[in-house]
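Peer 1: got a predicted model here, sequence first, then my questions.
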Amino acid sequence: MRLVLAALVVLVMGAAIAGAGMGEAPAEREAAPTQAAVQAAKQRIAAGGAVMARGRQLFADEGCDRCHAIAAVGAGGRLGPRLDRLDDDAEDIAESIADPRDDTVDGYPEKLMPTDYGRRMDDEEIQALAAFVAAVSGGEASDDRRGRGRGRGHGRGGGD
């Protein structure tokens, strides 16, 4: 069953990337961050310690880079919103990871992002991933937010 579901997701994502019936992917209309913003994001990642390293690893391991773009780490996904242009804080981003259907960005398919991250990842992993995304976008990822429960929002800021 999981294999069939994974194949279906890959097929849908491939069609969306190819633009089958959708025209230009919404993410292609989003401006990439400036070189200064990319350099600042790289510095925040480097200064983020173990939590940031874990978040970056989860971003790759969970396949986020296949759909979302982050210039500072070379992620070029085009299906979902650019994550380096968000204006959400880590708490909001964590909630969007755990409950992506709560607030879908205009112009993006409502049911594209998988809904099982809240079951596959524990709170610490979700918080690390959210802190990483907040750091690359320049959003708030302070220590007091990292320890809280899940917030809302990777689907809302900066063109989301």
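Peer 2: Arrived safely, thanks for sending.

Peer 1: for the chain, what spans make up the helices?
Peer 2: Remark: helices assigned in the chain by DSSP state H are 2-18, 26-29, 35-47, 49-61, 90-98, 117-120, 123-137, 143-146.

Peer 1: pick out the shakiest of those, pLDDT-wise.
Peer 2: Lowest mean pLDDT of the helices of the chain: helix 143-146, a mean of 38.

Peer 1: per-residue pLDDT, residue 141?
Peer 2: 51.

Peer 1: go on, residue 86?
Peer 2: 87.

Peer 1: so it is in contact with residue 93, correct?
Peer 2: Yes: applying CB atoms under 8 Å, one finds residue 86 in contact with residue 93, separated by 7.1 Å. In this view, the C-beta of every residue, glycine as well, is placed from N, C-alpha and C.

Peer 1: neighbour count winner among the two?
Peer 2: For residue 86 versus residue 93, the count of surrounding residues by other CB atoms under 10 Å is larger for residue 93: 33 against 26.

Peer 1: for residue 139, see how far away that one is.
Peer 2: 7 Å (CB to CB, to the nearest Å).

Peer 1: what is in contact with these two at once?
Peer 2: Residues touching both residue 93 and residue 139 (CB atoms under 8 Å, 6 or more residues apart in numbering): 86, 133.

Peer 1: quick check: residue 136 vs residue 96, distance?
Peer 2: Distance from residue 136 to residue 96, by CB to CB: 15 Å.

Peer 1: go on, residue 39?
Peer 2: 26 Å.

Peer 1: more neighbours, the two?
Peer 2: Just comparing residue 39 and residue 96: by other CB under 10 Å the higher neighbour count belongs to residue 96, 29 against 12.

Peer 1: that one against residue 104, yeah?
Peer 2: No: counting by CB under 8 Å, residue 96 stays clear of residue 104, with 9.4 Å between them.

Peer 1: which ones are touching the nearest residue to residue 65 once chain neighbours are set aside?
Peer 2: Leaving out its chain neighbours, the residue that sits closest to residue 65 by CB to CB, 6 or more residues apart in numbering is residue 75, at 3.8 Å. Residue 75 is in contact with 59, 64, 65, 68, 69, 83, counting by CB under 8 Å, 6+ apart.

Peer 1: and for residue 52?
Peer 2: By CB under 8 Å, 6+ apart, the contact list for residue 52 reads 44, 45, 46, 128, 131, 132, 135.

Peer 1: done for today, thanks.
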